[in-house]
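**Q** 3D, please:
(2 chains)
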Protein chains: 2
Amino acid sequence: MLETQEIRAGRLKTKEFIKEKVAEISQIVGGGVAINALSGGVDSSVVTMLGHMALKDRLKTYFIDNGIMREGEPRQITSVFKKLGVNVEIIDAQDEFFNALKGIIDPEEKREAVTQTFYKKVFGSLVKESKAKYLLQGTILTDIDETVAGIKRQHNVFEQLGIDPQEAFGYKIIEPLAQLRKDGVRKVAEALGLPSSIYNRMPFPGPALSARVIGEATRERIALVRKATSILEEELVSVKAFQYMAILHNDRVTGMRDNKREFGQQVEIRCWDSIDARQARPTQLPFATLEKLASRIVREVPGIVSVTYNITTKPPSTMEAI
Amino acid sequence: MLETQEIRAGRLKTKEFIKEKVAEISQIVGGGVAINALSGGVDSSVVTMLGHMALKDRLKTYFIDNGIMREGEPRQITSVFKKLGVNVEIIDAQDEFFNALKGIIDPEEKREAVTQTFYKKVFGSLVKESKAKYLLQGTILTDIDETVAGIKRQHNVFEQLGIDPQEAFGYKIIEPLAQLRKDGVRKVAEALGLPSSIYNRMPFPGPALSARVIGEATRERIALVRKATSILEEELVSVKAFQYMAILHNDRVTGMRDNKREFGQQVEIRCWDSIDARQARPTQLPFATLEKLASRIVREVPGIVSVTYNITTKPPSTMEAI
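**A** This is a model prediction of the structure:
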């Protein structure tokens, strides 16, 4: 479909790349209608901009509010695009996601529930309803590399969307970033005028805050980890780290409040120094920062009586807890 | 029975106190036989020494190996006493304790299981078999203060031991430390020639390592937290802290070993600065120490992929996790 030969970030001419991809999208879609989902990550943000430049109102962009985003995230991201003249529709799908996550404790099943709900249930329905036959996707070369050889990707995408393989002949997937890696995508994002909050956005997992909760990701527990995440992001805003996160544990620990025993919950903080995410070390945050973080979290997040800081390297740890 | 008026550590004359208590024990026991359990804590250690000085071989001292002690602890403690001429018999009761702990997750039930097994099952049987009618106990004034008013303590002890209240009239409890607080007991211990490893021993909970395991305290999980505790005690030997501990969590976290995903376990380290245990702050250990600790634990303790350091103050945290 589109070119798949790698373009290294160092050799990437962003203006030419943008011009070329916009032209390609225009040519493929012709007078048709395209659809895409914006998550706020740099890949889907760049695709949204390229699609918008090529198709204007013939691109329908949806932001799926799955209920497991960070504080205010749906509004923040759609307002970034509004400023750039791109209209993004927020779809409230919180109930669908929390229903799918009900009772799930295993991290892999949790990921699967979020992915399935996104593709089959929510975005799949939007694709069918929209009658758009062109799907813009933010697939990058690293994603393609990571796909196990022998499995046809295009076929899989439709399967994920709950679209019948026979029916699928009518659809076309467009992947304008398939020649780039993350560093290249960031350069294009900057050249497109996207703000640094988008192109320097800290990595955030697909299953969002449900990956930051050990055990069941209920609405209540997501609210707790969301609050802890807000505090963390406020306190570490000036810290240069690869990634930081707050994780709500499932284990109960003893605490004391008003001289009474409280069997409470624990939040773990991770803050990583890393170049490429393959290896990482805990950031040597000052103790004053760690104590401030802990004292705000136990004061502001209901039921939390204990806060820890992860001191392991990757490997054998991973960046995320689950 | 014995005096119960408080003797403050500052006014305590250790030589006189020892002489007086040895005489009291001799007088009460007369030509009879006494029994006591040594845990290695400062209270039971001092009682063992006083009882030994008063009764020599007519005191039977038992060290109950409950299987949830630290590495080598039974041998270490009994050898301290051997050097001082006191013969202590180790009773291997590991099976009894692990059977009692089977399937128990709730921390209070865990404590109860350890206490019940100690008194009713193990020490209770020893008392009955020994035919000793005198029980030496390391009760201190703080223990008495903490006992809810209105409950007769003596009655409770026999109930705990599984000794019938009617039968109990034949028994006598001797509590030589009932007028002292911890600081006073430490002074007496030093005066008795006990080593600093005894009188400056870090606080260690009654339910021992079972209190350092969140979730079920199986033989296997106790072995893991025992190993982590050894590493911690080696690495922090020169650190001046009120108390430090390693805690094995029940929550599973993702790790990587040999490029393969490993759903592993987490160990939490706590190290407290405190004057009187009522309030505490995490010790500001150097990051190099924290990283060394983490790297040794993930390398030397099977299945551990992640290590955290607690950064909360007490309150709202407590010193122990459960």
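**Q** what are the ranges of the strands in the stretch 151-300 of chain A?
**A** Taking DSSP state E, counting those that start in this stretch as the test, the strands found in the stretch 151-300 of chain A are A:172-174, A:243-257, A:260-273, A:281-282.
**Q** how many neighbours does the nearest residue to A:Q279 once chain neighbours are set aside have?
**A** The shortest distance from A:Q279 to any non-neighbouring residue, by CB to CB, 6 or more residues apart in numbering or on different chains, is to A:K314 (5.9 Å). Every C-beta, even on glycine, is put in place using the N, C-alpha and C of the backbone. When neighbours are counted by other CB atoms under 10 Å in any protein chain shown, A:K314 registers 21.
**Q** A:K314 contacts A:S274, correct?
**A** Yes: contact criterion CB atoms under 8 Å: A:K314 and A:S274 qualify, at 7.5 Å.
**Q** anything in contact with each of the two?
**A** Counting by CB atoms under 8 Å, 6 or more residues apart in numbering or on different chains, the residues touching both A:K314 and A:S274 are A:280-281.
**Q** can you tell me how far the residue of the stretch 101-250 of chain A found nearest chain B is from A:S45?
**A** Across the stretch 101-250 of chain A, no residue is closer to chain B than A:I214, which sits at 4.7 Å (CB to the nearest CB). For A:I214, the distance to A:S45 equals 30 Å [CB to CB, to the nearest Å].
**Q** cool, and A:I304?
**A** A:I304 sits 33 Å away from A:S45, going by CB to CB.
**Q** do A:N310 as well
**A** Counting by CB to CB - A:N310 and A:S45 are separated by 29 Å.
**Q** next: A:E20.
**A** Going from A:E20 to A:S45 by CB to CB gives 19 Å.
**Q** which one's more surrounded, those two?
**A** Comparing A:E20 with A:S45 by other CB under 10 Å, the one with more neighbours is A:S45, at 27 against 15.
**Q** pretty sure the more buried one sits against A:N200.
**A** No: in terms of CB under 8 Å, A:S45 does not count as a neighbour of A:N200; the distance is 11.8 Å.
**Q** got the residues of the stretch 1-150 of chain A near chain B?
**A** A:P107 (CB under 8 Å from any CB of the partner chain).
**Q** mind listing the helices for the stretch 1-150 of chain A?
**A** A:14-29, A:42-55, A:73-83, A:94-101, A:107-116, A:124-130, A:141-146 (DSSP state H, counting those that start in this stretch).
**Q** what mean pLDDT does the fourth one get?
**A** Regarding helix A:94-101, the rounded mean pLDDT is 98.
**Q** contact partners of that helix?
**A** Outside helix A:94-101, the residues touching it (CB under 8 Å, 6+ apart) are A:65-68, A:110, A:113-114, A:116-117, A:121-122, A:210, A:216-219.
**Q** specify which member of those residues is nearest to A:E24.
**A** Using CB to CB, A:V122 is the member of the contacts of helix A:94-101 that lies nearest A:E24, at 27.9 Å.
**Q** list the contacts for the closest one?
**A** For A:V122, the contacting residues are A:64, A:66, A:91, A:93, A:96, by CB under 8 Å, 6+ apart.
**Q** same question for A:I222.
**A** Per CB under 8 Å, 6+ apart, neighbours of A:I222: A:67-68, A:209-210, A:213.
**Q** go with 10 Å
**A** Listed by CB atoms under 10 Å, 6 or more residues apart in numbering or on different chains, the contact set of A:I222 reads A:66-69, A:94, A:97-98, A:101, A:208-210, A:212-213, A:248.
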